[in-house]
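S.K.: build the 3D model from these lines:
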Amino acid sequence: MNRILITGSAGQVGGELVRTLAPLGEILAPRRAELDLTDAESIRAYVRQAKPTWIVNPAAYTAVDKAESEPELAYAVNEHAVRVLGEEARTFGAPVLHFSTDYVFSGEGAKPYIETDATGPTSVYGASKLAGERALAETGAAHLIFRTSWVYGATGKNFLLTILRLARDRDQMKIVGDQHGAPTWARDLARMTAHVLKTRDRNAIATANGIYHAAGAGETTWHGFADEIVRLRREQEPGAKFAEMLSIPTSEYPTPARRPANSRLDCGKLERDLGWRMMDWRDSLRQVMAEL
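M.R.: Just a heads-up that it's a prediction; the model follows:
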């Protein structure tokens, strides 16, 4: 029987994974008191006791701006913990499905990135996630790495819920309009993961080691995302008052960590090799809004 270890189960993707993968086996979803990703010995002890047949690792240090002043903590979770998980997984043949980010790229250019494009992170967060990708590969564990972008859902802290909350209280909101990418529904990532577990046995993962891009289909900007959120909410609540979304350049919204101007990810390899097509971001947004 599958024993599926899911890290970060309190997070957006982790929570969706727990619910979506439940029919596929016994779910192990430890909280920090049981599995502390900043403590290598805690990781080793838990994995050796649990003996999972699969390890799914969406957990990460994701405070992009705070990482600039807390690099040691970012690397502890995003690199060192991933290495330890890989080392332990290798000893008993458990494949690792690991989630990474578009921030591993520099964000230059206007074309969607493919998996073999040169990386060049411009933030501590991006550098630590890239280090985690490399650390996992170095362990020799069977693994797949899924790079994604702009993750959101109906729960947790995310751009969608922030816009919905603030748009009721303001007349106008200024949203960055020159960063391009695609919103990705956390549940779509969970469904993609379930598809992989159902269609690939553990030996197949060993021969399919590699990186895959898994982000919402289509593209927009943060301003375009916000505008669509408010448009759909107006459809749901005719006559209600919501803020006007104003587009601004990144230069008018400085942050400690530099954001990629180009977060577009080409997901063709995911569809060709693993048989999964990510949802168009507009379709997924409409579903989440209906759920809310």
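
S.K.: hang on, isn't Asn158 packed against Pro183?
M.R.: No - under the contact definition of C-beta atoms under 8 Å, Asn158 does not touch Pro183, with a separation of 9.2 Å. No exception for glycine: its C-beta is placed from N, CA and C like everyone else's.

S.K.: which residues do those two both contact?
M.R.: The overlap between the contact sets of Asn158 and Pro183 (C-beta atoms under 8 Å, 6 or more residues apart in numbering) consists of Val151, Tyr152.

S.K.: those two: which has the busier surroundings?
M.R.: The neighbour comparison of Asn158 against Pro183 (other C-beta atoms under 10 Å) goes to Pro183, with 26 against 17.

S.K.: residue at max distance from the center of the chain?
M.R.: Distance to the chain centre peaks in the chain at Gly239, reaching 35.3 Å (criterion: C-alpha atoms, centre = their mean).

S.K.: tell me the contacts of the residue nearest to the spatial centre of the chain?
M.R.: Nearest to the mean C-alpha position of the chain, by C-alpha atoms, centre = their mean, lies Thr148 at 4.9 Å. By C-beta under 8 Å, 6+ apart, the contact list for Thr148 reads Phe99, Ser100, Thr101, Asp102, Thr184, Leu189, His213, Ala214, Ala215, Leu265.

S.K.: surely the fifth one and Val151 touch.
M.R.: Yes - using C-beta under 8 Å, Thr184 and Val151 qualify as a contacting pair, with a distance of 5.1 Å.

S.K.: now do the same contact list for Leu37.
M.R.: The contact partners of Leu37, taken as C-beta under 8 Å, 6+ apart, are Thr7, Ile43, Ala59, Ala76, Val77, Ala81.

S.K.: make it 6 Å
M.R.: Neighbour list for Leu37: Ala59, Val77, Ala81 [criterion: C-beta atoms under 6 Å, 6 or more residues apart in numbering].

S.K.: roughly how far does the residue nearest to the centre of the chain sit from Gly140?
M.R.: If you measure Thr148 against Gly140 using C-beta to C-beta, to the nearest Å, the figure is 24 Å.

S.K.: among the contacts of Thr148, name the ones in strands.
M.R.: With DSSP state E as the criterion, strands contain Phe99, Ser100, Thr101, Thr184, His213 from among the contacts of Thr148.

S.K.: in CSV, list those residues along with neighbour count, pLDDT and distance to Arg282.
M.R.: Listed next are the ones in strands among the contacts of Thr148 as CSV, based on neighbours: other C-beta atoms under 10 Å; pLDDT from 0 to 100; distance: C-beta to C-beta, whole Å:
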residue, neighbour count, pLDDT, distance to Arg282
Phe99, 26, 98, 23
Ser100, 24, 98, 24
Thr101, 28, 98, 22
Thr184, 27, 98, 12
His213, 24, 98, 19
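
S.K.: dump these into a markdown table; add distance to Lys111 as well.
M.R.: Below are the ones in strands among the contacts of Thr148 laid out as a markdown table (distance: C-beta to C-beta, whole Å):
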| residue | distance to Lys111 |
| --- | --- |
| Phe99 | 23 |
| Ser100 | 19 |
| Thr101 | 18 |
| Thr184 | 19 |
| His213 | 13 |
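
S.K.: all strands of the stretch 1-150 of the chain, in order?
M.R.: Along the stretch 1-150 of the chain, the stretches classed as strands by DSSP state E, counting those that start in this stretch are 3-6, 26-28, 54-57, 96-101, 143-148.

S.K.: rebuild these as JSON lines, extending it with distance to Pro249.
M.R.: Written out in JSON lines, the entries for the strands of the stretch 1-150 of the chain read as follows (distance: least, C-beta to C-beta, whole Å):
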{"stretch": "strand 3-6", "distance to Pro249": "39"}
{"stretch": "strand 26-28", "distance to Pro249": "44"}
{"stretch": "strand 54-57", "distance to Pro249": "35"}
{"stretch": "strand 96-101", "distance to Pro249": "23"}
{"stretch": "strand 143-148", "distance to Pro249": "25"}
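
S.K.: thinking again about what came up before, can you tell me the element the residue farthest from the centre of the chain falls in?
M.R.: Under DSSP states H and E, no helix or strand contains Gly239.

S.K.: go on, Ile175?
M.R.: In this structure, Ile175 sits in strand 172-176 according to DSSP H and E.

S.K.: which strands and helices lie in contact with that strand?
M.R.: Using 3 or more C-beta pairs under 6 Å, 6 or more residues apart in numbering; DSSP states H and E as the contact criterion, the neighbours of strand 172-176 among helices and strands are helix 222-236, strand 244-248.

S.K.: what angle separates that strand from helix 222-236?
M.R.: Per axes from the mean of the first three to the mean of the last three C-alpha atoms, to 10 degrees, the angle that strand 172-176 makes with helix 222-236 is 140 degrees.
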